[in-house]
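Colleague: take a look and give me a structure for this.
(chains A and B)
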Amino acid sequence: MDWQWLIGRMNLSYLPHEPITMGAAIGMPLTLVAIAAALTYFKKWGYLWREWITTVDAKRIGIMYGSVALIMLARGVFDALMIRSQTAVGGPGGSQLFNTDTYQQVFTSHGVIMIFFVAMGLMFALFNIAVPLMIGTRDVAFPFLNAVSFWLFFAGMILVNGSLIFGGFSIGGWLGYPPLTELQYSPGPGVDYWIWSLQVAGIGSLLSGINFFVTILKNRAPGMTFMRMPIFVWSVLVTTVLMMIAFPILTGSLALLSLDRLMGMHFFTSMGGGNPMMYVNLIWAWGHPEVYILVMPAFGIYSEIVATFSRKKLFGYKTMVIALIAIMFFSFIVWQHHFFTMGSGADVNAFFGIMTMIIAIPTGVKVFNWLFTMYRGRITFASPMIWFMCFAVTFTIGGVTGVLLAVPAIDFQVHNTLFLVAHFHNVIIGGVVFGYIAAITYWFPKMFGFHLHEGLGKAAAYFWQVGFLLSFMPLYALGLMGAVRRLDNYSDPSWIPFFIVSAVGVVVVGIGIACQLLQIAYSIWKRKELHATSDPWDGRTLEWSVPSPAPFYNYAIIPEVSRVDEWWYQKQEGVKAPKDSDYKDIVLPKNTSFGFVIGMTAFVGSGALIWHIWWLVVVSFIAIVVMIIMRTMDDFTEYTIPAAEVMRMDKEARA
Amino acid sequence: MSESAEMIAKRDKVQLGFWLYLMTDCMLFTSLFATYMILRNSTNGGPGGSELFSMGFVLVETLILLTSSYVCGLANLAIHNGRKKEFVVYLGATIALGIAFLTMELTEFGKLIGEGHTPQTSAFLSAFFTLVGTHGLHIAIGLIWASVLIWALYRQGRQEDILRKFSLFAVFWHFLDVVWIFIFTIVYAMGVK
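Modeller: Purely as a prediction, here's the structure:
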């Protein structure tokens, strides 16, 4: 009897063959087994299930997003180390550390992991941790949906990493341009892993976008008008608009590519009338807004940090808001600058080039606003502020090279060279990564009740900054010398020193990350000494008015807001202690396992699609539909904490 | 407990969230429409819309779908006034018309595929089947949703719960109508000329 229908196209030849992938394929399961054994030994399974896996508390979900993203950061940097080790030794007469196919998988997974599972993960972590607290509410608008989003993100993360163990990953780069990613050239499961991990995580992001948009529109504390919201909240609002408009295009384009691959259709094939350039247009219509989705929350974070550590209100609040909205608008009409070389003619290229340059104006407004906020402020150089200073320099260099690339004539010269690679790392590391790490340091005490160690944090910032410059400045030169991206061997001996410096830079960044890991471990160990008060930075916004760590209900009494930086002014006027009659009953959502189960079913269903196990696809799809129906039928998803109990807990937390 | 301020606020949030979801769905359809517009002449030497589409058939399909939307509106009035039996009849009619629409669509697909005009034939047919099929998939989901609503009415029967859930379905159903009007115009009317 033929059993192949049961397991689709799975067979043993998909197990890894190369030493480096075999190491990962053995190491990852062993790590999981070790974690499982530790959980069993310390009897923590029940705790994990009740307090984390089934939680719908935004702060907990945020911490889970952050933890996953930091682990993925380690993997992404390891990929980078592999790439730059190869290019360091890949010169004329040089050697091959691993074969080209593996090299291509490595740079693809580096890009995918860094964008989708590190940057997006950290971004959602910060949304969840900070937004409800900053707008003075107890949770997001749809707590259950929030859990579903996280578990979809988690499912996508397992798919990317699972490909390492069985089947291999895509070789098509982080955006997977066809026709290379079509069935004809990539028949294996790699591209399917890529499609479905992005698809599943992307739907999670889309749902989160809706969730946080509604949260900010509907859940703000009384008195908090739009122009009284903290700038971080503004940046999240603008980001969620981008998400809602851009992410469906990603869903659509991945679905079309998938139809090409699964059903032999001809959207992007080179035959049958397909049009590969249409894919490139579609994916960048999502992809360009996506980079602003990543960086705008970071802009919001810098605005909070600079104001807090300069002891001054933010310079130019209104212009900041206008700049955010202007960037949101322009980010949709620049996508074609990613392929000036497509040949759409001088008029079209000129339009997109000019639009791209215009974005530099609102961005410049922001940089000057931050600098003017610092001007005449009483600046404390705590580690978040160090990250900001590194950002201000790095990001500005990246912005300037971006304007260079926006000139079509220059772009024709450096298109798809390492100059471009240096540019986008310059803005993404300098803008996004530095910002999110600064934010983690800044809000860490609010989440856990103790600080991260300052000395190690500052050391990490300096190693990152120096490592960054060493890694990427040589790439600008190499790009101008004609080195294309994604290459593992080259014949020009004059490139060798540049590539070696770049590899050294990655090692220095690695030391920075080691400092951060050490920082986390050391701070947990010394958490008593590093104990944080409710307002450790002398903050300006509402989240610093609640105890640290923030209680699960966020606010015992919902605050009232009458100005920007409400908490700062309340402190100056003297904070009034709440009266007993101010406490009201609190309604909170109950924990549920549906989010986790739906996410895992989506994982099984996508795995089945990747391996063509059709019966399992049908079963998973039906299971998800049934679970959604069951959930919507349940009208008792909340519970109430009586006012007296709220008062008791609040007094205890403040004691 | 009558409808408290919290309940109303919660319903507001759900409605806003659902409208936003529809707008994201609209973006998805927009990308499919754009794809179709670009590929509609890429027939790979095979037949184009003018040879394949029959306007009369599609017009009947369209009228059936529009009628289902009208009946859905009647169901809305009925549940607003607390006439549950009437509501079930109208919603049942909505489902029946939806099934008729879907059957016609699948018949058209079957006919095309039977004649050898499969989605694999050309980029134009890939785009056609995907755009129209995605709309059909939405209709199918709507049919499941409406059936669940009838089941929920018998299971719980509280008017305000059903009203809350039904109002979302109604918006969804009308939205699919609007999308279909665009399909009718762009795919069929512009295709046959």
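
Colleague: from here on, contacts and neighbour counts on C-alpha atoms
Modeller: Noted.

Colleague: how close does the residue positioned nearest the centre of chain A get to residue A:163?
Modeller: When CA atoms, centre = their mean is applied to chain A, the residue found nearest the centroid is residue A:120 (1.7 Å). Relative to residue A:163, residue A:120 is positioned 20 Å away (CA to CA, to the nearest Å).

Colleague: hey, where'd the strands end up in chain B?
Modeller: Listed in chain order, the strands of chain B (DSSP state E) amount to none at all.

Colleague: tell me which element the residue nearest to the centre of chain A falls in.
Modeller: Under the criterion of DSSP states H and E, residue A:120 resides in helix A:120-134.

Colleague: where in the chain is pLDDT low?
Modeller: Since you didn't name a chain, this refers to chain A. In the predicted model, chain A carries pLDDT under 70 at residues A:1.

Colleague: actually chain B
Modeller: Within chain B, the ranges that satisfy pLDDT under 70 run B:1-3, B:157.

Colleague: quick one, strands of chain A?
Modeller: So, for chain A - with DSSP E - the strands run A:586-589, A:638-641.

Colleague: out of the ones you listed, which is the most enclosed?
Modeller: Using mean count of other CA atoms under 10 Å in any protein chain shown, the stretch among the strands of chain A with the largest mean neighbour count is strand A:586-589, at a mean of 16.

Colleague: for it, which strands pair with it and how are they oriented?
Modeller: Partner strands for strand A:586-589, per DSSP bridges, with pairing direction: strand A:638-641 (antiparallel).

Colleague: output the longest helix belonging to chain B.
Modeller: Counting residues, the longest helix in chain B under DSSP state H turns out to be helix B:5-39.

Colleague: helices or strands up against that helix?
Modeller: Other helices and strands packing on helix B:5-39, by 3 or more CA pairs under 8 Å, 6 or more residues apart in numbering or on different chains; DSSP states H and E, are helix A:190-218, helix A:231-263, helix B:123-155, helix B:159-182.

Colleague: of those, which approaches residue B:17 most closely?
Modeller: helix A:190-218 (6.3 Å; CA to CA).

Colleague: tell me the angle the closest one makes with helix A:120-134.
Modeller: Angle, helix A:190-218 to helix A:120-134, by axes from the mean of the first three to the mean of the last three CA atoms, to 10 degrees: 10 degrees.

Colleague: please identify the buried residues of helix A:190-218?
Modeller: For helix A:190-218, a neighbour-count test (16 or more other CA atoms under 10 Å in any protein chain shown) marks A:190-216, A:218 as buried.

Colleague: alongside chain B, which residues does the stretch 151-300 of chain A contribute?
Modeller: Selection of the stretch 151-300 of chain A residues close to chain B by CA under 8 Å from any CA of the partner chain yields A:210-211, A:214, A:218, A:244-246, A:248-249, A:251-253, A:263-267, A:272-275, A:278, A:282.

Colleague: now the residues you listed: which count as buried?
Modeller: Buried members of those, counted by 16+ other CA under 10 Å: A:210-211, A:214, A:218, A:244-246, A:248-249, A:251-253, A:264-267, A:272-275, A:278, A:282.

Colleague: quick check: which of the strands of chain A is nearest to residue A:621?
Modeller: Distances from residue A:621 to each of these were compared using CA to CA; the shortest belongs to strand A:586-589, at 26.5 Å.

Colleague: chain center to the closest one: distance?
Modeller: What separates the centre of strand A:586-589 from the centre of its chain is 29 Å, taken as CA atoms, centre = their mean, to the nearest Å.

Colleague: can you list contacts of that strand?
Modeller: By CA atoms under 8 Å, 6 or more residues apart in numbering or on different chains, the residues outside strand A:586-589 that reach it are A:56, A:138, A:143, A:553, A:637-643, A:646.

Colleague: who touches the residue nearest to residue A:237 when sequence neighbours are not counted in this structure?
Modeller: Taking CA to CA, 6 or more residues apart in numbering or on different chains, and ignoring the residues beside it in sequence, residue A:237 has residue A:213 as its nearest neighbour in space, at 5.8 Å. With contacts taken as CA under 8 Å, 6+ apart, residue A:213 has the following neighbours: A:237, A:240-241.

Colleague: just give me the closest of those residues to residue A:380.
Modeller: Distance to residue A:380 across the contacts of residue A:213 (CA to CA) is lowest for residue A:237, with 29.0 Å.

Colleague: any idea how far chain B is from the closest one?
Modeller: As for residue A:237, its distance to chain B is 13 Å (criterion: CA to the nearest CA, to the nearest Å).

Colleague: just to revisit the earlier point, ok, now which ones touch the residue nearest to the centre of chain A?
Modeller: Taking CA under 8 Å, 6+ apart as the definition of contact, the neighbours of residue A:120 are residue A:294.

Colleague: ok, the one 4 residues further on next?
Modeller: When contacts are counted by CA under 8 Å, 6+ apart, residue A:124 is found next to A:62, A:65-66.

Colleague: distance to residue A:9 for those - can I get that in CSV?
Modeller: Formatted as CSV, the contacts of residue A:124 follow (distance: CA to CA, whole Å):
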residue, distance to residue A:9
A:62, 37
A:65, 33
A:66, 35
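
Colleague: around residue 133, how many other residues sit close by?
Modeller: The chain I'm using is chain A. With neighbours defined by other CA atoms under 10 Å in any protein chain shown, the count for residue A:133 comes to 28.

Colleague: that was the other one, I meant chain B.
Modeller: The number of residues packed near residue B:133 is 16, by other CA under 10 Å.
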